[in-house]
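Colleague: need coordinates for the below:
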Amino acid sequence: MLFKGAYFRFRARNLDTPLMLCRFMEPTSVVATVIPTWQEATHIERCLRSFMAQTYPSHLHQIVVLDGGSTDGTIAIVERLAEESVSEGGPQITLIDNPFKYVPHARNIALEYLDSGVEFILEMIGHAWVPPDHLEVRLSRFHSIEAELGTRLGGLGARVFESDLPLDNVGNWIEASLACPLGGSGQFARFSKDGPTKIPPFTLYRRQAVEAVGGWNEDFITTQDSEINLRLIGNDWPLWRTAATHVRMAKRTTVKQWWRMGYRYGFWRMKHVIDAKSRMRIGEFLPWIGLAIVAGLAIDGQSTFFLPNFLLPILAYLSTLFVVGGVEAMRSNDTTMIWGVPALLILLHTSFSIGLLAGGFRPGKPPNDRTL
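Modeller: Have a look, this model is predicted:
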C-alpha cells in the first residue's frame, strides 16, 4: 500500500441512521463521500448540506470529513451538522483528524477507516456542492455504463459547472478560462456526452479498484488524483465521465491566487511526468516550445511583409487568445471576457510553464495559497 499508517481521533459519534425511502428500486451499493478539509468555514456547511439532502437512501451513504487542523470554525460546523444529520434521519457524518494535513493522506486515512461494506468512494472537497439527486444519478450511470461495457469501471467523474456564487470580473474570467480549451486541462471541460477519460472530475471510485492499486500516492500533494488515475487505467480499471450530473465549486477569485495555482499545478505536473513519462502532454510544453521558436527566429533576423519573423508566432498566439475571449464573451454576454480571458490565460500559461521548469530540479514543498 502507498499510504502510511493512519490514526484517528473521532469528534463525532458514530450512530446508525434510519432507513430513508428511495425513488428507485432497491439500491444496495454503499457509498462514502470523503471530504478533506482545511480552513473551509466559508463553504463547508453548503457542501455538507448538499450531501445531507441526497435522494439516495441515507442508510447506504456516509460522509467522512478529514480535517487537517482548521482553526477558522470548520470543525464546529461539521460537528453541528453531524448531530443535525443524525436527528433528521440523514447520513452519518464522521469527523476524523488528518494529522498529515494534505489531500492524499486524507483519502488514504478514509480508505483505511471505512468498513468492508463500503463499495464506492466519492472524492469531494469542502468548497464544492452538488444537486440533491447527485449520488442517485451518479451510481445509476456507473452501473449502466458497466452493463453497456461488460466490464467494471475504476471510477466515474461528473461535469464541473461554473460557481453560482456572486463573482466580480476576475472571478468570472477565471471561470471562463478554466472551462475553455486553452485552460483547465480538461477537468473543467464543458462536455455533453458520457465517455472514457483520463481526468474524471470529482471521481466516484470503485473501492476495489483503489485498493488494487495501493491507494493514493502521498508523495504528490497536488495532482494526486491524476497520479492514481493513471495507475488505475494502467491496471485495467477504465475511467469514464458523465454529463448526467454535475458539481459546483468555489474557485480562485484573485489574480494572485490564479498565478499561484498555475505555478503549483505546473510544478507537480513535472513531478508526475518524471515519475510516469506516459503522463507527458506535448501541449503543456508549448509555451516553452514557442519561446524557443521566437528566440530562433529573432537570432535568424529575417522579416516577412515588413514584420520581423519572430513576431509572427507571438501575433498568432495573441490572436488565438482573443478569439477564445470573443467566444467566451458571446457565450456569457459579457464583453469584458474579450480581454479578461486572454489576460488570465497568459498568466496561466506563464505560471504553469515556470512551475514545470521548477519542478524539474526543485524539491516539492507545501503550497501556500490553498492547502487542500
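Colleague: quick one: residues contacting W240.
Modeller: 145, 153, 155-157, 194-197, 200 (Cβ atoms under 8 Å, 6 or more residues apart in numbering). Just so you know, the C-beta spots here come from the backbone N, C-alpha and C atoms, and that holds for glycine as well.
Colleague: show me which of those is closest to A209.
Modeller: G155 (6.8 Å; Cβ to Cβ).
Colleague: how much space separates R241 from V324?
Modeller: 23 Å (Cβ to Cβ, to the nearest Å).
Colleague: and the two? which has more neighbours close in?
Modeller: Taking neighbours as other Cβ atoms under 10 Å, R241 and V324 compare with R241 leading, 26 against 21.
Colleague: got the buried residues for the helix or strand where the more buried one lies?
Modeller: Element membership of R241 [criterion: DSSP states H and E] is strand 239-249. Using 16 or more other Cβ atoms under 10 Å as the test for burial, strand 239-249 gives 239-242, 244-249.
Colleague: chain center to the helix or strand just after it: distance?
Modeller: Tracing the chain C-terminally past strand 239-249 and defining elements by DSSP H and E, one meets helix 255-275 next. Here helix 255-275 is found 14 Å from its chain centre; the criterion is Cα atoms, centre = their mean, to the nearest Å.
Colleague: against which helices or strands is helix 255-275 packed?
Modeller: Here helix 255-275 touches helix 169-179, helix 224-234, helix 337-359, going by 3 or more Cβ pairs under 8 Å, 6 or more residues apart in numbering; DSSP states H and E.
Colleague: what do you get if the cut-off is 6 Å, keeping everything else the same?
Modeller: helix 337-359 (3 or more Cβ pairs under 6 Å, 6 or more residues apart in numbering; DSSP states H and E).
Colleague: what packs against the helix it packs on?
Modeller: Right, helix 337-359 is packed against helix 169-179, helix 255-275, helix 286-300, helix 311-332 by 3+ Cβ pairs under 6 Å, 6+ apart.
Colleague: ranking the ones you listed by burial, who's on top?
Modeller: Highest mean neighbour count among the helices and strands packed on helix 337-359 (mean count of other Cβ atoms under 10 Å): helix 169-179, with a mean of 21.
Colleague: send the alpha carbons of that one over as CSV?
Modeller: Taking C-alpha atoms only, helix 169-179 is exported to CSV below (Å, rounded to 0.1, in the frame of the first residue of the first chain):
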residue,chain,number,x,y,z
ASN,A,169,-15.0,40.4,-13.2
VAL,A,170,-11.8,38.5,-12.3
GLY,A,171,-13.9,35.6,-10.8
ASN,A,172,-15.9,35.4,-14.0
TRP,A,173,-12.8,35.4,-16.1
ILE,A,174,-11.3,32.6,-14.1
GLU,A,175,-14.5,30.5,-14.5
ALA,A,176,-14.4,31.0,-18.3
SER,A,177,-10.6,30.5,-18.5
LEU,A,178,-10.8,27.1,-16.7
ALA,A,179,-13.6,25.9,-18.9
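Colleague: give me the next element, helix or strand, following that helix.
Modeller: strand 195-196.
Colleague: how close does the residue lying farthest from the centre of the chain get to L312?
Modeller: Here the chain reaches farthest from its C-alpha mean at F306, the gap being 46.7 Å by Cα atoms, centre = their mean. According to Cβ to Cβ, F306 and L312 sit 12 Å apart.
Colleague: got it, and Y102?
Modeller: In terms of Cβ to Cβ, Y102 sits 44 Å off from L312.
Colleague: same thing with T28?
Modeller: Counting by Cβ to Cβ - T28 and L312 are separated by 61 Å.
Colleague: what of V103?
Modeller: Taken as Cβ to Cβ, the span from V103 to L312 is 43 Å.
Colleague: tell me the pLDDT at G360?
Modeller: We have a pLDDT of 86 for G360.
Colleague: please shift the residue numbers so they start at 874 in all later answers.
Modeller: Done: numbering now begins at 874, and the last item shifts to G1233.
Colleague: so where's this protein shaky on pLDDT?
Modeller: Applying pLDDT under 70 to the chain flags the ranges 874-899, 1058, 1150-1153, 1237-1245.
Colleague: how does it look with 80?
Modeller: For the chain, the stretches with pLDDT under 80 are 874-900, 1057-1059, 1094-1096, 1142, 1145, 1148-1156, 1178, 1235-1245.
Colleague: alpha carbons of the strand holding R1114, as CSV, please.
Modeller: Taking Å, rounded to 0.1, in the frame of the first residue of the first chain, the C-alpha atoms of strand 1112-1122 are listed here in CSV:
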residue,chain,number,x,y,z
LEU,A,1112,-12.3,5.7,-16.1
TRP,A,1113,-15.4,7.5,-17.5
ARG,A,1114,-17.1,10.8,-17.0
THR,A,1115,-20.8,11.5,-17.2
ALA,A,1116,-22.7,14.7,-18.2
ALA,A,1117,-25.8,13.4,-16.4
THR,A,1118,-25.0,15.3,-13.2
HIS,A,1119,-22.6,18.0,-12.0
VAL,A,1120,-20.6,19.5,-9.2
ARG,A,1121,-20.2,23.2,-8.5
MET,A,1122,-17.2,24.5,-6.6
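Colleague: next, the angle helix 1097-1107 makes with it.
Modeller: Counting by axes from the mean of the first three to the mean of the last three Cα atoms, to 10 degrees, strand 1112-1122 lies at 160 degrees to helix 1097-1107.
Colleague: who does strand 1112-1122 pair up with?
Modeller: strand 1001-1002 (antiparallel), strand 1028-1034 (parallel), strand 1068-1069 (antiparallel) (DSSP bridges).
Colleague: run the chain-centre distance for the last one.
Modeller: What separates the centre of strand 1068-1069 from the centre of its chain is 17 Å, taken as Cα atoms, centre = their mean.
Colleague: with that, I have no additional questions.
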